[in-house]
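# structure, please.
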Amino acid sequence: MAKGEAKLMYPGLANFYKTWSPIAYTLVRVFVGIIMIMHVMPKLNNGPAAVAGAFSKNYGLEPAIFFAYGAIFLEAVGGAALILGLFTRFFAAALAVEMLIAMFAAHWAKGFMASQGGYEFVALLGFVLFAIALRGGGPYSVDRQIGKEL
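Numbers count the residues shown, from 1 in each chain. Next up is the predicted model:
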């Protein structure tokens, strides 16, 4: 045990934690990818022009069509890439930046609570995406299989 490392209250769980830690990380990465795919579905159903209209009217994001296509691309392609663990660091970082923009453009003025339209959920997603960008694809990823990461 390294100096300063906490001792397990139940040492018998050490192998369980060691085995499941990389699997748990993979599940987090995949689930965040699924969230991004689900998040883009209404944008795909409504179309880029409608998304751009909402971005411009509701949030003052200009050029709105650029932000609309950017969000659609990042959430669709980036979400799929996170699920696969392909170009993981790039897409996780780009999506974290998107969540930062969404937090300040759309949610900040409504306060913290997501139930009131606040930034709670996008902040959580942004921090998790930032952590994924720092860690990379992990052991169960296409990045690991091809042996290259950004």
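# where does the prediction get shaky in the protein?
Low-confidence segments of the chain, defined by pLDDT under 70: 1-2.
# at 80 what do you get?
Within the chain, the segments meeting pLDDT under 80 span 1-4, 150.
# any idea which element the spatially most central residue of it lies in?
Most central in the chain under Cα atoms, centre = their mean is residue 129, positioned 3.9 Å from the mean C-alpha point. Using DSSP states H and E, residue 129 falls within helix 120-135.
# which helices and strands does that helix pack with?
helix 14-46, helix 88-102 (3 or more Cβ pairs under 8 Å, 6 or more residues apart in numbering; DSSP states H and E). Backbone N, C-alpha and C define where each C-beta goes, glycine included.
# quick one: list the elements packing against the helix or strand hosting residue 80.
Counting by DSSP H and E, the element that carries residue 80 is helix 79-84. The contact analysis (3+ Cβ pairs under 8 Å, 6+ apart) places helix 79-84 against helix 14-46, helix 88-102.
# if you compare those helices, which one is most tucked away?
helix 88-102 (a mean of 21; mean count of other Cβ atoms under 10 Å).
# returning to that earlier point: these two touch, right, the residue nearest to the centre of the chain and residue 29?
No: if you go by Cβ atoms under 8 Å, residue 129 and residue 29 don't touch, sitting 9.7 Å apart.
# re earlier: list the buried ones in the helix holding residue 129?
120-123, 125-126, 128-130, 132-133 (16 or more other Cβ atoms under 10 Å).
# report the buried residues of the next helix or strand after that helix.
Moving toward the C-terminus from helix 120-135, the next helix or strand (DSSP H and E) is helix 142-146. Within helix 142-146, the residues that count as buried by 16+ other Cβ under 10 Å are residue 143.
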